[in-house]
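A.B. asks: Got a sequence here, can you build the structure:
(one chain, ligands or ions: 1)
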Amino acid sequence: MTQTQDPAARAIELREQIDLHNHRYYVLDEPSIPDAEYDRLFNELKAIEEAQPDLITPDSPTQRVGGAALSAFGTVAHEVPMLSLGNAFDEQSMRDFDRRVREGLDLPAGDLFGAGEAVEYCCEPKLDGLAVSLLYENGQLVRGATRGDGSTGEDISSNVRTIRNVPLKLRGQGWPAVLEVRGEVFINKAGFEALNERAREAGSKTFANPRNAAAGSLRQLDPNITRARPLEFCCYGIGRVDGELPDSQVGILHQLREWGLSISKELKLAAGVDECLEYYRDIGERRAALGYEIDGVVFKVNKLAYQRELGFRAREPRWAIAHKFPAMEEITELLDVEFQVGRTGAVTPVARLRPVLVAGVTVSNATLHNMDEVARLGLMIGDSVIIRRAGDVIPQVMQVVADMRPADARPVKIPEQCPVCGSDVERTQLIKRGRGRETVSEGAVYRCVGRLTCQAQLKQAIIHFVSRRALDIDGLGEKIVEQLVDTGLVSSPADLYLLTYEQVLALEGFAEISTKNLLGSIQDSKQPTLARFIYALGIPDVGEETAKLLARSLGSLQRISQALPEVLVYLPDVGMEVAHEIHAFFDDEHNQTVIRQLLERGLVLQEEGELNPELAASVSLAEFITRLEIPGVAKTGAERLAASFTSLEAIMQADWLELKRVERFTEKAQTGLRDYFADAQRRERVLQIEQQLKAFGMHWDSPRAAQSEGMPLSGQTWVLTGGLEAFSRDVAKDYLESLGAKVAGSVSAKTHCVVAGPGAGSKLAKAEQLNVPVLDEQGLLDLLKDHGIEP
Ligand SMILES: NC(=O)c1ccc[n+]([C@@H]2O[C@H](COP(=O)([O-])OP(=O)(O)OC[C@H]3O[C@@H](n4cnc5c(N)ncnc54)[C@H](O)[C@@H]3O)[C@@H](O)[C@H]2O)c1
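C.D. replies: Sure thing, here's the model as predicted:
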């Protein structure tokens, strides 16, 4: 961007740029620069035009609102224009606004300190979504429209009808014959994250921010897409009204709430500008904790008579102002991409940025997740990028600024050797077993193969091993771990148990007492529970919950370490990928050595013991065969086989004739089955899996499993969350299972229903996002009663 000195030429240049950005923002819902950058361009143009009013053109963006309506929708003429708002970025501009209001109303200028008569203001958060007009005739919703350019908007009636908190009919009575309600359509933070998470999983484009997500969702030509998006409406004003309404802004909003419209829970009345500033500070402090994104607060003169008297200027009312918060998104340059090595060896790209101030904090690094993310962003070194820092969240690169790539931009390349230890870096592979075959695809993660010989991985592994939720060794912070590794005293977690008094005392910052304390906590850590120990090992993808599950259901380190992946997947919530990680971890010689050394050096695992087959899924012969994914043999085929033969061996050895006798067992299935078991190694493996399942006490062919076909909830997956009053969640689980349902620990698109009691949190939120039906406790009791269960 070249800065032209001549204001007239600069104004033309700015108008062109702003028009382009308006089009991208309002029409395409695809801005290419952050709002803060846009605001700078806009304010620069405004300043030029204020200094030289003769430069103002009627089509200047400073004289207009928004962008043109998309022709794909029908158009709607706004009888009362839908305007924008003036902005204040600091306290002084707010005081100037208040002064202009008082002057405009001929209110006493005030004392020496400029206090004067306090004007009452209606205060609300400024939701970051898009303005929408809803038209009610005789209480019925007849039309919904976007703001468009302020005088013409788009007809989005079918879409607004899908928004859950937009009443199709007003409640109560006494509404004006014609009532145009105005407010913001937005997506809350959780909904925005979930939407982007899904987009990332699908490898498609993510939304830059909740505002674009809301606009993009609302302006869909197919209302069914809009329906699936978590849109909400919050009402903050009115347009055309034929009839009576209260005579103040706050009075009207309370009235609208009576009629069933949602208004802001943060709505307040402030007497004078100081109370407005107080409100701004209060909301600002709570901004990160609010469930939705806001970019400021809005103040409106409360008395309608005053509003009428003040009127409008070009694109904004004189009686309202938006006091903006510091922007969370900024533009900067990607100077380089460096690679960090984590605990599991994952080599992660990190963006090095030209330092930039974002919401009061200088940002010079941002996470890039993995190389797929780099590819998805289309990122090159030298690019201008938009970064976002919201609350305490690690700054993220949101997008590359289009049209600003320098000629010497370089691609981001994953190093072939580990930047820390020089070992090879390999791309992880995703192994999928299906249809009797293995398919291998490339994973998103690259790993340094150096494992514990790589200092970066070793340090992280030890930090994890001693962390609070693992072996909880107090006093072993990151700095000390670094010293222990750098001095060569420790080259595996097992070496911690060999440290001597002299060795620790010689470390930087250690004196007698601290040395004793550290050695004491190392001693104290020698009796971890099995679950903590499994978690502490740092098996990729095995978090605390999975570690607990493994410990509870298999009961011993020996069984866990010998479990075949095909058996582990029978545990609830363990997928093939995790099962393979677990198996590969214990299969690795180096890991075996470390574990042996840990035990030799005095670790005694607690709570080792019984198998707990209750936690393991029941396995029917039919299910077992289905899971082998034999070509041609799907679920029904497997059921028919299981019904005709009594054992797995019998099925393996079946000849043509016996297979032909199986009812409705296709020729394709017969061939598939015989080919599958023709391989001696395969036969052996299958028998091994069967044997281990039985040895682990899984209910082989349990009557419950066989029964569950044809039971009321068979084939359904349920999730329980929050508290229940009538009985515990475990009891609820038993009831549901007795009706044939599977009860899982996490909500996914495949969940049939979620039972949410008081205190339900993220699982309930996820269910709502995924449109999974939710029952409360009473709903569950009713359902149980319908099936003859009365607790
Ligand atoms: N990044 C880009 O390329 C780009 C392009 C164009 C515009 N923009 C952004 O959009 C802004 C201008 O947009 P604008 O004209 O919609 O103005 P605005 O967003 O500054 O303010 C007006 C809007 O605020 C919203 N609003 C939220 N809460 C409200 C409340 N309680 N009362 C009244 N209104 C409320 C309404 O939608 C209203 O239309 C710029 O400041 C910029 O940040 C960015």
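A.B. asks: The residue positioned nearest the centre of the chain in helix, strand or coil?
C.D. replies: The chain has residue 193 as the residue nearest its centroid, 3.4 Å off, counting by C-alpha atoms, centre = their mean. At residue 193, secondary structure determined by DSSP: H, G, I helix; E, B strand; the rest coil is helix.
A.B. asks: how far away is it from residue 378?
C.D. replies: 22 Å (C-beta to C-beta, to the nearest Å). C-beta coordinates here come from the backbone N, C-alpha and C atoms, glycine included.
A.B. asks: re earlier: so for the residue nearest to the centre of the chain, what's the pLDDT?
C.D. replies: What the model reports for residue 193 is a pLDDT of 88.
A.B. asks: Make 51 the first number, not 1, from now on.
C.D. replies: All set: I'll call the first residue 51, so the last point we hit is now residue 243.
A.B. asks: what's the nearest residue to residue 774 if we skip its chain neighbours?
C.D. replies: What sits nearest to residue 774 in space, not counting adjacent residues and going by C-beta to C-beta, 6 or more residues apart in numbering, is residue 807, at 4.6 Å.
A.B. asks: Could you report the neighbour count for the one you found?
C.D. replies: Other residues lying near residue 807 total 19 when counted by other C-beta atoms under 10 Å.
A.B. asks: again, but for residue 631
C.D. replies: 18.
A.B. asks: next one: residue 538
C.D. replies: For residue 538, using other C-beta under 10 Å, the count is 8.
A.B. asks: Against the ligand, how distant is the residue nearest to residue 774?
C.D. replies: Separation of residue 807 from the ligand (C-beta to the nearest ligand atom, to the nearest Å): 35 Å.
A.B. asks: For that residue, which residues are in contact?
C.D. replies: 770, 771, 772, 773, 774, 775, 826, 827 (C-beta atoms under 8 Å, 6 or more residues apart in numbering).
A.B. asks: Quick one: residues contacting residue 307.
C.D. replies: Taking C-beta under 8 Å, 6+ apart, we find residue 307 in contact with residue 313.
A.B. asks: related to what we said a few turns ago, quick one: which two of the contacts of residue 807 are the most distant?
C.D. replies: 771 and 775 (14.4 Å; C-beta to C-beta).
A.B. asks: residues contacting residue 703?
C.D. replies: By C-beta under 8 Å, 6+ apart, no residues touch residue 703.
A.B. asks: pLDDT wise, what is it at?
C.D. replies: On the pLDDT scale, residue 703 gets 87.
A.B. asks: Likewise for the one 5 residues further on?
C.D. replies: The predicted local distance difference test score for residue 708 is 87.
A.B. asks: Equivalent analysis for residue 433, please.
C.D. replies: pLDDT, residue 433: 97.
A.B. asks: Next up, phi/psi of it, please.
C.D. replies: phi -60, psi 150 (degrees, to the nearest 10).
A.B. asks: Would you confirm that it contacts residue 384?
C.D. replies: Yes. With contact defined as C-beta atoms under 8 Å, residue 433 counts as touching residue 384 (5.0 Å).
A.B. asks: Tell me how far residue 467 lies from the ligand.
C.D. replies: 41 Å.
A.B. asks: Surely that residue touches residue 476?
C.D. replies: No. In terms of C-beta under 8 Å, residue 467 does not count as a neighbour of residue 476; the distance is 10.9 Å.
A.B. asks: Run through who's touching whichever helix or strand residue 601 is part of.
C.D. replies: If you go by DSSP states H and E, residue 601 is part of helix 594-604. Where contact means C-beta under 8 Å, 6+ apart, the residues beyond helix 594-604 that reach it are 519, 579-582, 584-585, 592, 610, 613, 621-624, 628, 632, 657, 661-663, 665-666, 746, 795.
A.B. asks: Excluding chain neighbours, what is closest to residue 495?
C.D. replies: Nearest residue to residue 495 in three dimensions, chain neighbours excluded: residue 478, at 4.6 Å (C-beta to C-beta, 6+ apart).
A.B. asks: Show me where the stretch 451-600 of the chain has its strands.
C.D. replies: 460-461, 475-484, 487-498 (DSSP state E, counting those that start in this stretch).
A.B. asks: Tell me which of the ones you listed sits nearest to residue 213.
C.D. replies: It is, among the strands of the stretch 451-600 of the chain and with distance given as C-beta to C-beta, strand 487-498, at 34.8 Å.
A.B. asks: I would like the residues contacting that closest one, please.
C.D. replies: Contacts of strand 487-498 (C-beta under 8 Å, 6+ apart): 391, 394-397, 420-423, 464, 468, 470-471, 473-483, 504, 506-507.
A.B. asks: Buried members of these into PyMOL, please.
C.D. replies: In PyMOL, selecting the buried portion of those, with burial taken from 16 or more other C-beta atoms under 10 Å, looks like this:
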select buried, resi 391+394+395+396+397+420+421+423+468+470+471+473+475+478+483+504+506+507
